[in-house]
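Chemist: Sequence and predicted structure below; questions after.
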Amino acid sequence: MLIPLTHERMTVQRLPWVTIGIIAMNFVVFAFTWPTAQRDETRSADAWEELITHTEAYPGVWEDDCTRCPGRAEFDALRERFEAVASEHIFFRYGYVPGKPTLRGLFGSLFLHASWAHLLWNMYFLWLYGCSIEDLWGRPLYAVVYLTGGVAAALAQGAYEPDTLGPLVGASGAISALTGVFLIRCWDTRIRFFWMFIVLFGTFQAPAWIMLGFWLTKELFNAFVYADVSSVAFWAHIGGFVFGAVVASVLKLTRVEENILAPALERKTNLLGRHPEAARAVELMEDGDYSTATRALKSAIQQAPKDSDSYRLLAQCYQARGRPEEATRWLRQELKLHAGTTSSWPRPIKSWSTPPLSSH
């Protein structure tokens, strides 16, 4: 037995609100649907038991050429009842049924789970890999990849068994997509695993490219050997994983993450340590509203006089407004804070001419 415990990229710069929201939504949906699913499961099991009991009493009654056999009418009635009861099951109504696909089922299946173990296991892996991807790619793109990855996983399973009427439920396909992203984006990250063999157990570390590659190989083996006899949607896992890996590869090769995502996230994470008024001022400065930004920064300085960042930003504002003397005065105040003194500097500081919001 192998269970991943943690990895080197678990520390994030911002709270992973999207991951937290998805996990919370799954628990809420499960709390509301679990009693209904249990009731529907009991009704379906009872109807199936009646059908099986009847076929045991009348062997061969299910054959197509046995239309006039004794018990055939009762068999047809019991089969119709079972199909009606099964079609009312909440998993058939809101899960993805490849033989009867619906848009509601494609997305609804991502938030339905068959048991507590199913739910907890999926949410554990979502937390393990999702937080890092959300931190690296940002919340909007992460949410899109999660949802589209889940849809791609369901379609992959449907492509393997297009006529099946068994419902597909669970978030594992979407989580597999995140795992594929993790393999490409964090390929050298070391993951710590717990292992147990009979009575022996321990932990070890291994890079993501080895362990996730091993997991994909295992899923492929299971898909080719056990897919027809197992209730696990192996092809959904594989399809989601490949989708995530392809998306991550495209973003990497086109340098979208490097040129667009990373700079945007850098600006947002820099705001976290600033006074709220200073953070608002940065947004105003990006919009070119330097007058309002000036007032916001002065308010920030009054409330947090030791925040040197606000002084520097205020200097930028005055420089952008064509008032270099004011910019110099506020820059001098910032330097005093860094020097830890309130005395006058021995020599004047030249007018500051760095462009607003330039890198520093």
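Modeler: Cool, got the structure.

Chemist: can you pull out the helices in the stretch 151-300 of the chain?
Modeler: Here the stretch 151-300 of the chain has its helices, by DSSP state H, counting those that start in this stretch, at 172-185, 208-226, 234-253, 256, 262-271, 276-286, 290-303.

Chemist: could you say what helices and strands the last one packs with?
Modeler: Using 3 or more Cβ pairs under 8 Å, 6 or more residues apart in numbering; DSSP states H and E as the contact test, the elements touching helix 290-303 are helix 276-286, helix 308-320. Using the backbone N, CA and C atoms, a C-beta is placed for each residue, glycine as well.

Chemist: count of neighbours near Thr55?
Modeler: The local packing of Thr55 (other Cβ atoms under 10 Å) involves 16 other residues.

Chemist: mind checking pLDDT for it?
Modeler: Listed pLDDT for Thr55 reads 85.

Chemist: Same question for Ser353.
Modeler: On pLDDT, Ser353 comes in at 40.

Chemist: next one: Gly340
Modeler: For Gly340, pLDDT reads 58.

Chemist: ok so, going back, any chance of JSON lines for the helices and strands packed on helix 290-303, columns mean pLDDT?
Modeler: Formatted as JSON lines, those follow (pLDDT from 0 to 100):
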{"stretch": "helix 276-286", "mean pLDDT": "81"}
{"stretch": "helix 308-320", "mean pLDDT": "86"}
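
Chemist: ranking those helices by burial, who's on top?
Modeler: Stretch with highest mean neighbour count among those: helix 308-320 (a mean of 23; mean count of other Cβ atoms under 10 Å).

Chemist: so it versus helix 290-303, what angle?
Modeler: 150 degrees (axes from the mean of the first three to the mean of the last three Cα atoms, to 10 degrees).

Chemist: Just want the angle from helix 308-320 to helix 276-286.
Modeler: 30 degrees.

Chemist: How about the contacts made by Val247?
Modeler: Val247 makes contacts with 145, 149, 177, 180-181, as judged by Cβ atoms under 8 Å, 6 or more residues apart in numbering.

Chemist: give me that answer again for 10 Å
Modeler: By Cβ atoms under 10 Å, 6 or more residues apart in numbering, the residues touching Val247 are 137, 141, 144-145, 148-149, 152, 177, 180-181, 184-185.

Chemist: Name the nearest of those residues relative to Ala73.
Modeler: Ala152 (45.1 Å; Cβ to Cβ).

Chemist: With adjacent residues omitted, what lies nearest to that closest one?
Modeler: Phe243 (4.0 Å; Cβ to Cβ, 6 or more residues apart in numbering).

Chemist: so what's the one you found up against?
Modeler: Listed by Cβ under 10 Å, 6+ apart, the contact partners of Phe243 are 145, 148-153, 155-156, 173-174, 176-177, 180-181.

Chemist: so how far is Thr217 from it?
Modeler: The spacing between Phe243 and Thr217, counted by Cβ to Cβ, to the nearest Å, is 18 Å.

Chemist: and what of Arg295?
Modeler: 61 Å.

Chemist: What of Leu297?
Modeler: 56 Å.

Chemist: swap in Glu49?
Modeler: From Glu49 across to Thr217, the span is 40 Å (Cβ to Cβ).

Chemist: I'd like the helices and strands packed on helix 290-303 written out as a markdown table, with distance to Gly166 added.
Modeler: Formatted as a markdown table, the helices and strands packed on helix 290-303 follow (distance: least, Cβ to Cβ, whole Å):
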| stretch | distance to Gly166 |
| --- | --- |
| helix 276-286 | 51 |
| helix 308-320 | 58 |
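
Chemist: Can you add distance to Glu258 and pLDDT and give the contacts of Val247 back as a markdown table?
Modeler: Output for the contacts of Val247, formatted as a markdown table (distance: Cβ to Cβ, whole Å; pLDDT from 0 to 100):
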| residue | distance to Glu258 | pLDDT |
| --- | --- | --- |
| Trp137 | 12 | 91 |
| Leu141 | 14 | 94 |
| Val144 | 19 | 96 |
| Val145 | 17 | 97 |
| Thr148 | 22 | 97 |
| Gly149 | 22 | 97 |
| Ala152 | 25 | 96 |
| Ala177 | 21 | 97 |
| Gly180 | 20 | 97 |
| Val181 | 16 | 96 |
| Ile184 | 14 | 95 |
| Arg185 | 12 | 91 |
